[in-house]
Each structure stands twice: as structure tokens, then as C-alpha cells.
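Colleague: Sequence first, predicted coordinates after that:
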Amino acid sequence: MPDNTFDIVTNSHGALPVAETVRKLRTGGTFITQQVGGTNNFALSRFLDPSYMPAYPDNTLINVCTQLQENGMHIQQQAAAFSQMRFFDVGAIVYYASVIPWEFPEFSVTSCLPQLEKLARLIETQGSISTFEDRFMIVADKQVQSA
């Protein structure tokens, strides 16, 4: 695909090659992205695996905005949210950890049984446990190149 082709590029939860994305936009074009931030579900992931480190720790609103600006983009809007996700039973936690292995690497019921039992007791007494999803969005325009 040739450079300077698109008036708008959108991205959601995907890889974010900033320089390549900017090259593909026409001058004045708009880039809209919604991303999963580096601290997504950190407390739950770390509880289940004390050595857990996020797969993409540098995927943050500040870092991406800076990269976009350094590549000739003007940030029109940016925002972050840390939405609460509640679990009402351990089975839901097991399912969730099983379907997103990048946040729960090496997860298995057997290896995490002591932690899962603690979570079950907490849910039994408190009714639920919470984790927080880290999300951010950016709308940016490719600036007119000065001569």
C-alpha cells in the first residue's frame, strides 16, 4: 500500500506501528485508536502469578501520544479509563484467565489452586472480587508538512 493513501485509519486492541500508520495517512488525515493499556488486570494477574510481568508494559497513553507527536501527529483528543470488572465465582476467573494467556501466562487450575482457593473464600465472604481494565483512546490528525 503506498504512503499518503488514507484519510482515516482506525485501530482497536491491535499492534500499533506508529511510524508506518502515520506514513499511510494523507496530510490532514485522522488516526483513531483504542488500546489495552500496560496495567490491564495487573493485580489479578500478579495474584495468580507473583512473577507476572505485563506483556506490553510500555503501551500507555503517555507513550503512544508522545510517539504520535514525534511522528508528525497533532493529538485532538485523548483519554484513559480504568474500568472495574467484577467476578462473582472462581469459575469465571478460571475461564477468563484461560482465554487471555498474554495476561495469565502459564495459567492452570493445578498450578494456581492455592490462589484460586483464596479467591473463592474472598468471593464467599465479600460477594465478588474486582480487577481493573486499563484502556485508552486517542484521536490524532496528521499535520500539514511545512515547506
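Modeller: Alright, I've got the coordinates.
Colleague: Let's check: the centremost residue of the chain is which one?
Modeller: The residue lying closest to the centre of the chain (Cα atoms, centre = their mean) is residue 36, at 1.2 Å.
Colleague: Please identify the nearest residue in space to that residue, excluding sequence neighbours.
Modeller: residue 13 (5.7 Å; Cβ to Cβ, 6 or more residues apart in numbering). To be clear about C-beta, it is placed using only N, CA and C from the backbone, and glycine gets the same treatment.
Colleague: Also residue 120?
Modeller: residue 90 (4.6 Å).
Colleague: ok, the one you found touching residue 115?
Modeller: No. Counting by Cβ atoms under 8 Å, residue 90 sits too far from residue 115 to count as a contact (9.9 Å).
Colleague: who has more neighbours, the two?
Modeller: Applying other Cβ atoms under 10 Å to residue 90 and residue 115 shows that residue 90 carries more neighbours, namely 20 against 16.
Colleague: What residues does the more buried one make contact with?
Modeller: 116, 119-120, 123 (Cβ atoms under 8 Å, 6 or more residues apart in numbering).
Colleague: Show me those that map onto helices.
Modeller: Within those, residues falling in helices by DSSP state H are 116, 119-120, 123.
Colleague: where do the helices sit along this structure?
Modeller: Assignment of helices within the chain using DSSP H yields the ranges 18-24, 42-48, 61-70, 90-99, 113-126.
Colleague: Residue 144: neighbour count?
Modeller: Neighbourhood size, residue 144 [other Cβ under 10 Å]: 10.
Colleague: how near is it to residue 74?
Modeller: 10 Å (Cβ to Cβ, to the nearest Å).
Colleague: quick one: low-confidence ranges for the protein?
Modeller: Along the chain, segments meeting pLDDT under 70 span 145-147.
Colleague: 80 - rerun?
Modeller: 1, 14, 144-147 (pLDDT under 80).
Colleague: surely the residue nearest to residue 36 meets residue 34?
Modeller: Yes. Using Cβ under 8 Å, residue 13 makes contact with residue 34 at a distance of 7.0 Å.
Colleague: Now the nearest residue to residue 134 once chain neighbours are set aside. Its backbone dihedrals?
Modeller: In this structure, residue 134 finds its nearest non-sequential neighbour in residue 37, 3.2 Å apart by Cβ to Cβ, 6+ apart. When read as degrees, to the nearest 10, the backbone of residue 37 gives phi -80, psi 160.
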